[in-house]
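Enquirer: sequence first, predicted model second:
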Amino acid sequence: MYAVVIDDFGLAPSLRELPEPVPGPGEVKVRVAASSVNGFDRLLAAGALRGIFEHRFPIVLGKDFAGMVAAVGEGVSGFAPGDPVFGVVAKANPTDGGGFGEYLTTAAGSGIALVPPGLDEPAAAALGLAGAAALAVVDSLAAKPGETVLVSGATGGVGAFAVQLLADRGVTVIATAPPASAGHVRGLGAAHDIDHGADLAAQLRDLAPGGVDAVAHLAGDGVALAELLRPGGRIVSALHLDPAGLPRRDITGTSVMADPSRDVLDRLAREVAAGRLRVPVGRTLPLAELPPALAGFSNGTLGKLGVQVASLG
């Protein structure tokens, strides 16, 4: 099969041929149709996770996937060859991939779900990791209708999902975005947009004079963002913000991680299939064009960067 891999620290990602993976006990083998790029992929490719996780080279990049079950390992139930599936690659070692290859193996017990009618492969392939992260943040925020929530990082994949999920709950969303992307975040359901590159506090004075009720921390300096909260406000971070480092005692902080369990994936898929959640794929590249685009995928990309994993053999 063909896959986008990194062969060692400091080497750029490349497209090359590898043996097809074989599913072990409890694993599903998937023929991948599509994937999408996440921040984790960029960090892994850049060597930024060295010393945090074990790296077993060559590493096939890509956490998200959508495709069809090609085979199942011993002891697998609930999936059969030919089933359309999507999800997030689940391995004991987080660096083991990956969605940027024509085939992958992943645990059958987590990170994989059936694709329901109404959810196409490109959307399913961009839903898993970012959608699960957004849902974890939004559920932890527990915002009530009428509350005002600042979403920092609204133009990214996680932010785009978070804006929609919050707006659907009757929350007044203030989204950070460059001026050129204001229409994008408004289209997702944000009531207001503010320039992430300018003075946030000054821009919020008219929108939330006493401070916002909550902050979804998906980009930027979490400590600085916490200063924008009203007394009793709360900040939920997907970026490992340490609540002990918050500058005030009259606010609360929580750090969360994506949990792409089957229940979470099913929940997200139902929302998309019902038309209540839009998957924000800004642009899509074929697998062969992905390696040089990985380093700069976040520059000017609204939402997710999709990957078409077409057969190259």
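Expert: Received, thanks.
Enquirer: give me the nearest residue to the residue nearest the centre of the chain, chain neighbours excluded.
Expert: By Cα atoms, centre = their mean, the mean C-alpha position of the chain lies nearest to A130, the distance being 1.8 Å. Closest residue to A130 apart from its sequence neighbours, by Cβ to Cβ, 6 or more residues apart in numbering: G157 at 3.7 Å. Yep, even glycine has a C-beta here, placed from its N, CA and C like the rest.
Enquirer: number of nearby residues for the one you found?
Expert: 31 (other Cβ atoms under 10 Å).
Enquirer: tell me the spacing between it and L246.
Expert: G157 sits 26 Å away from L246, going by Cβ to Cβ, to the nearest Å.
Enquirer: coming back round to it: thought the residue nearest to A130 was touching P280?
Expert: Yes - counting by Cβ atoms under 8 Å, P280 is a contact partner of G157 at 6.4 Å.
Enquirer: mind listing the shared neighbours of these two?
Expert: Counting by Cβ atoms under 8 Å, 6 or more residues apart in numbering, the shared contacts of G157 and P280 are 126, 303-304.
Enquirer: buried only: go through these for me.
Expert: Buried by 16 or more other Cβ atoms under 10 Å: 126, 303-304, out of the shared contacts of G157 and P280.
Enquirer: let's see which of these end up in strands.
Expert: K304 (DSSP state E).
Enquirer: out of the buried ones among the shared contacts of G157 and P280, the closest to E227 would be?
Expert: Lowest distance from E227 to the buried ones among the shared contacts of G157 and P280 (Cβ to Cβ) belongs to G303, with 28.2 Å.
Enquirer: ok, now which ones touch the closest one?
Expert: G303 neighbours (Cβ under 8 Å, 6+ apart): 126, 155-157, 160, 184, 279-282.
Enquirer: let me know the closest of those to E271.
Expert: E271 lies nearest to V279 out of the contacts of G303, by Cβ to Cβ, at 9.9 Å.
Enquirer: what's the closest non-adjacent residue to the closest one?
Expert: Nearest to V279 is A123, by Cβ to Cβ, 6+ apart, at 4.0 Å.
Enquirer: residues in contact with whichever strand or helix holds that neighbour?
Expert: A123 is part of helix 121-125 when elements are defined by DSSP states H and E. Residues from elsewhere that reach helix 121-125 (Cβ under 8 Å, 6+ apart): 33-36, 64-67, 84, 86, 99, 115, 269, 272, 279, 281, 284, 306-308.
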